[in-house]
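can you look at this prediction? I've put the sequence above it.
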Amino acid sequence: MGNLLYFIAVILVIFWAIGFLGYHAGGIIHILLVIAIIAVLLRIIRN
């Protein structure tokens, strides 16, 4: 389960970077970033 959360977090950060650099999609990009950061923090806390 931890590996899945980490994988999802990495994918969300990549999508955020593409969205931030490529076009301005509004708040959805920043929501993805927050979700990715939360997933990474959960993985760090659980280990």
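Good, I have the coordinates.

which helix or strand contains the nearest residue in space to residue 36 that is not next to it in sequence?
Nearest residue to residue 36, sequence neighbours excluded (C-beta to C-beta, 6 or more residues apart in numbering): residue 12, at 3.6 Å. (Glycine included, C-beta is placed from N, CA and C.) Using DSSP states H and E, residue 12 falls within helix 2-22.

chain center to that helix: distance?
Mean-position distance between helix 2-22 and its chain equals 4 Å (C-alpha atoms, centre = their mean, to the nearest Å).

other SSEs contacting the very next helix or strand once past that helix?
Proceeding N to C from helix 2-22, the next assigned helix or strand is helix 27-46, under DSSP H and E. Secondary structure elements in contact with helix 27-46, counted by 3 or more C-beta pairs under 8 Å, 6 or more residues apart in numbering; DSSP states H and E, are helix 2-22.

what comes up buried for the helix it packs on?
Of all the residues in helix 2-22, those buried under the rule 16 or more other C-beta atoms under 10 Å are 5-6, 9, 12-13, 15-16, 19.

what do you get for stretch 35-47?
36, 39-40, 43.

can you tell me the average pLDDT over it?
Stretch 35-47 shows a mean pLDDT of 81.

check the offset of that stretch from the chain's centre.
10 Å.

next, name the residue at the spatial heart of this structure.
Among the residues of the chain, the one closest to the centroid is residue 36, at 2.4 Å (C-alpha atoms, centre = their mean).
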